[in-house]
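Asks: Output the structure for:
(2 chains)
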Amino acid sequence: MSTRVAVIVFPGTNCELDVQHALEQLGGTAELVFHTETSLGGADAVVVPGGFAHGDYLRTGALARFSPVMAAVGEHAAAGGPVVGICNGFQVLTEAGLLPGALQKNAGLKFLCETVECRVDSTHSVLTSGAALGAVLRLPINHFEGNYICDAATLDQLRADDRIVLRYVDNPNGALDDIAGIRNEHGNVVGLMPHPERASDTVLGSADGVVLLQSLLDAATARSAV
Amino acid sequence: MHRQLGLTDDELGDIQELLGREPTELELAMYAVMWSEHCSYKSSSVHLRRFPTEAPWVLVGPGEGAGVIDVGDGLAVAIRIESHNHPSAVEPYQGAATGVGGIIRDIFSMGARPIALMDPLRFGSLDDARTRYLFEGVISGISGYGNAVGVPTVGGEVVFDDCYRENPLVNVLCLGLLPKERLVLARAEGAGKLAVLLGSSTGRDGIGGASVLASAGFEEGSEAKRPSVQVGDPFEEKRLIEACLAMLDAGLATGVQDLGAAGLSCAASETAAAGGAGMDVDVARVARREPGMNPVELLTSESQERMLAIVEPKHLDEVLALCERWEIRATVVGRVTDTGRFRVFDGLFDAVGVPGTNPPAPRGDEPPDVSSDRQPIADLPCESLGNGPSYTRPISAPADQATLNAADPWEALAENFGPGTDCSDELLALLATPTIADKSWVWRQYDHQLFLNTVVGPGGDAAVLRLKGTSKALALATDGKGRFCRLDPRTGGRLVVLEAARNVACAGAEPRALVNCLNFGNPEHPQVMWQFQQVVEGISEACEALGIPVVGGNVSFYNESRGADIDPTPVVGVVGLIEKLDGVPPIPRTIDREHLIVLGTTRAELGGSEWAAVVHGLDGGVPPAADLDDARRLHAFVSELVAGRSVGGVHDCADGGLAVALAEMAFGSGIGFTVAPETEVAAAAWCFSESANRVVVSVDARPLPHILRRAEEAGVHAVDLGTAGGDRLVVDGVIDVGLAEAERVWRDAIPNALGAAATAG
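Replies: The predicted structure is shown next:
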């Protein structure tokens, strides 16, 4: 049986089908799990995909953390299960307290949809374990609020613990320390602003996201074997 | 009163005859909206019949929510274009946003998932502070709504011309994809089916012809301050898309219809008329946003994000459960009858006779007064609302047309740009005109990648979208050129079709369907109707010659700026089919050491060109010739070259002529070129002429002789201009500029024009 990934769907989420498609191209099984569910149905890993959960009319991700499914996601993370938040999913994970810091409006105060270069600065995470340290990946970004911020003590901690997994080569949004993605203490929870699923096929301009999604599937497989 | 509502005395007579009595206030208001120019096409319908609309692959032609074509593999494509010009002139963010919302609803009402948007936009000059406000607001509105609702914006155009200063053109095209068997048409047939209103509550925003209603004094006082522009809610719309598509997938609804212009009265009566049925509606059941709304307001409100679903009673519970899952309001507001009448009640619960609860009264409002023996407050033949009057308006060419056409700009320019004149600065000036300059400031704000279909996004000749699960792809392009149409509307009409079809050919596609958005001035001006008729003729001729059916369109009249009609501006969208997508198709780029070949003939055709009209202010003359046979041969040849990967780079030649096309190809790869102009035409004219039917391709030296031979066999004029290489843009004896400098001018023009806004206050 192939590895099963739960892809969370809030009203307003819009990248769920893309994440599902990209994971299934790599041989995984991705199941859409609606936000009202209280169980992940035994999935080995979780992706919180991009979009505008609950419309994002308040702070991005601020309402989604209260959806019933988030308790199950929290339990999965606490038990060491792989959890990846992409874009709006990253915002949801910070609001839910699974990752530190917050995402604020881009420095230029404009929505940005473009392909940028990101450097892998830590391979100690479920998303980057298969990538080469220092590798530069071309990944699309697509956000208005991707400008990562946290307090000085948190930043010191992130740096000291090797928890900054991706940095922008040419910072597009003003993010602190060029942060594009971070992980939790154990490396099983990762949040990133770029969209690896949009870089999953050369015909779309880049396949550099495959190494990240494959790492996630490998982590999920390892977990399902336990 | 009817005159204040915009109805003529004759139209009132027609209504009295239809009903056999005096219309009620509500009936009069419904006819006034439904028979308005916007809803009835009363000035344009006699001309629109001219369009060719048939082809074997057309599943749904003009007149429905959207045109639909068969693309094989069990898939169909729905496509529609609309204007939201006037709302955007009043409130650019919401005007543009609600335009996006409306067109998306038209697409999913056909059972199609909306997968792509295109936004052809026209503004005045960026020197003007209000234009900058409109431009930034419209782009933000498209970005804010389109990105959040989850439909990628994969292209469009942005054109700047002073004739649009007070009246920007905000057109929007949406394309959807559906399994062929899911195609649904909005039909209410079968007495007893229920009409379920889905989505937002109904407010006083955007009441159809709000100013007219307000001045009619239906409710003294408060109307004056009501916003006439609707406010969009992309989150509501996103949930509506998911709920409606799930409903249609599960066979729970036999049809869904958008509540657009004229709101509930239009959606309900059209759905019933299309099914040859009747409908009873109870306005007391409509959920309202504020207290005290009267039936006229409830029936004609254009509040956004609302749909009407036709549901069999046995499916109602499932429909309500599905709507609850997606957190959208669903209220039974009516019932299909076999009377052929559209009847409106206020509080006649038993007449509707369906399960469900009375909607809660809005804050501060009294609960509806319900009774079982109410008389209808409107009772009219269903189809009469949609069968409005049709006028053949007076037509005459503008008196100054001949004078305008006689002023050939090349005669004036030739004096200053004789043989040997350096035109490097002319190229730089063209690259800095906002219409030609780089638009990535715009595209970056649009999500153009969602759904993982976008193989070629904004900025290319055509957007290319792969169709996952097949080997096919779609190519999509929009084009318009008001200046050409002003100089000669018939030729201009042909030219816009040729350009869009040429862009699609540059992606290796065969054109399959065309939609048009016809933006014109005041139809009561005979000159405007002459332009309209001529444009329709030109579009029709080109579509016939190229075998492209027109599957839908929209007419926007009364576009005027400072008392003058805008240039006649038809905008067309062409969708083409790529049978086998083999990697990313060639894009506009030069390739080191490859040859640059121009396909097509260049003449000294400067009338309406960017160089003559924008750089030198010479806006007379005649537009380039639009030879339809040349176009057919060129498109077939280019499409074959691209599909067969015989060329590494390709670019349509349009605004700014060959010099600009070549420069844009150089920007695409960072590699310059050295070419020699053809000698049949004066060098400056050769560089900047906008002769139609031309494409530049990049070809490797080895296959070159073969390709030139094939061009000759295909009857396509082909000239080897020179090769790519180095870091300069060189047209021997005419232009010599550094690539970096030219690219900087092109890339910075729009950000600089907007940055100036900050300093100029």
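
Asks: Would you map the helices across chain A?
Replies: Using DSSP state H, the helices assigned to chain A run over residues A:16-25, A:69-78, A:88-95, A:152-160, A:210-225.

Asks: Can you lay out the ones you listed as JSON lines showing mean pLDDT, mean neighbour count and distance to residue B:461?
Replies: To be clear about C-beta, it is placed using only N, CA and C from the backbone, and glycine gets the same treatment. Compiled in JSON lines, the helices of chain A are given as follows (pLDDT from 0 to 100; neighbours: other Cβ atoms under 10 Å in any protein chain shown; distance: least, Cβ to Cβ, whole Å):
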{"stretch": "helix A:16-25", "mean pLDDT": "98", "mean neighbour count": "21", "distance to residue B:461": "26"}
{"stretch": "helix A:69-78", "mean pLDDT": "97", "mean neighbour count": "19", "distance to residue B:461": "44"}
{"stretch": "helix A:88-95", "mean pLDDT": "96", "mean neighbour count": "28", "distance to residue B:461": "33"}
{"stretch": "helix A:152-160", "mean pLDDT": "98", "mean neighbour count": "13", "distance to residue B:461": "45"}
{"stretch": "helix A:210-225", "mean pLDDT": "93", "mean neighbour count": "20", "distance to residue B:461": "29"}
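
Asks: if we compare these, which one ends up closest to residue B:383?
Replies: Set against residue B:383 and scored by Cβ to Cβ, the helices of chain A come closest in helix A:16-25, at 40.3 Å.

Asks: Run the chain-centre distance for the closest one.
Replies: On the basis of Cα atoms, centre = their mean, to the nearest Å, the separation between the geometric centre of helix A:16-25 and that of its chain is 14 Å.

Asks: which residues sit against it?
Replies: For helix A:16-25, contacts defined as Cβ atoms under 8 Å, 6 or more residues apart in numbering or on different chains pick out A:5, A:7-9, A:29-30, A:32, A:47, A:49, A:51, A:86, A:195-198, A:200-201, A:209, A:213, A:216-217, B:450-452, B:468.

Asks: Pretty sure residue A:181 sits against residue A:196.
Replies: No: with the criterion set as Cβ atoms under 8 Å, residue A:181 and residue A:196 do not qualify as a contacting pair; they are 9.7 Å apart.

Asks: one step back: how about JSON lines for the helices of chain A, with distance to residue B:287 added?
Replies: Shown next, in JSON lines, are these (distance: least, Cβ to Cβ, whole Å):
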{"stretch": "helix A:16-25", "distance to residue B:287": "29"}
{"stretch": "helix A:69-78", "distance to residue B:287": "29"}
{"stretch": "helix A:88-95", "distance to residue B:287": "30"}
{"stretch": "helix A:152-160", "distance to residue B:287": "46"}
{"stretch": "helix A:210-225", "distance to residue B:287": "44"}
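
Asks: Those residues of the stretch 101-250 of chain B touching chain A, which are they?
Replies: By the rule Cβ under 8 Å from any Cβ of the partner chain, the part of the stretch 101-250 of chain B lying against chain A is B:143, B:144, B:147, B:148, B:149, B:150, B:233, B:234, B:235, B:238, B:239, B:242.

Asks: Burial check on the third one, number of neighbours?
Replies: The reference is to residue B:147. As a burial measure, residue B:147 scores 26 neighbours (other Cβ atoms under 10 Å in any protein chain shown).

Asks: ditto for the second one
Replies: Counted with other Cβ under 10 Å, the neighbours of residue B:144 add up to 20.

Asks: Restricting the selection to alpha carbons, write the helix or strand harbouring it to PDB.
Replies: Element membership of residue B:144, judged by DSSP states H and E, is helix B:129-149. Taking only C-alpha atoms (Å, rounded to 0.1, in the frame of the first residue of the first chain), the coordinates of helix B:129-149 have been written out as PDB:
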ATOM      1  CA  ALA B 129      -3.000  61.000 -11.700                       C
ATOM      2  CA  ARG B 130      -6.500  59.700 -11.900                       C
ATOM      3  CA  THR B 131      -5.500  57.200 -14.500                       C
ATOM      4  CA  ARG B 132      -2.700  55.900 -12.300                       C
ATOM      5  CA  TYR B 133      -5.300  55.500  -9.500                       C
ATOM      6  CA  LEU B 134      -7.700  53.600 -11.800                       C
ATOM      7  CA  PHE B 135      -4.800  51.500 -13.200                       C
ATOM      8  CA  GLU B 136      -3.500  50.500  -9.800                       C
ATOM      9  CA  GLY B 137      -7.000  49.900  -8.400                       C
ATOM     10  CA  VAL B 138      -8.100  47.700 -11.300                       C
ATOM     11  CA  ILE B 139      -5.000  45.600 -11.100                       C
ATOM     12  CA  SER B 140      -5.400  45.200  -7.300                       C
ATOM     13  CA  GLY B 141      -9.100  44.300  -7.800                       C
ATOM     14  CA  ILE B 142      -8.300  41.600 -10.300                       C
ATOM     15  CA  SER B 143      -5.500  40.300  -8.100                       C
ATOM     16  CA  GLY B 144      -7.400  40.500  -4.900                       C
ATOM     17  CA  TYR B 145     -10.500  38.700  -6.200                       C
ATOM     18  CA  GLY B 146      -9.000  36.300  -8.800                       C
ATOM     19  CA  ASN B 147      -6.200  35.100  -6.500                       C
ATOM     20  CA  ALA B 148      -8.500  34.500  -3.600                       C
ATOM     21  CA  VAL B 149     -11.300  32.900  -5.500                       C
END
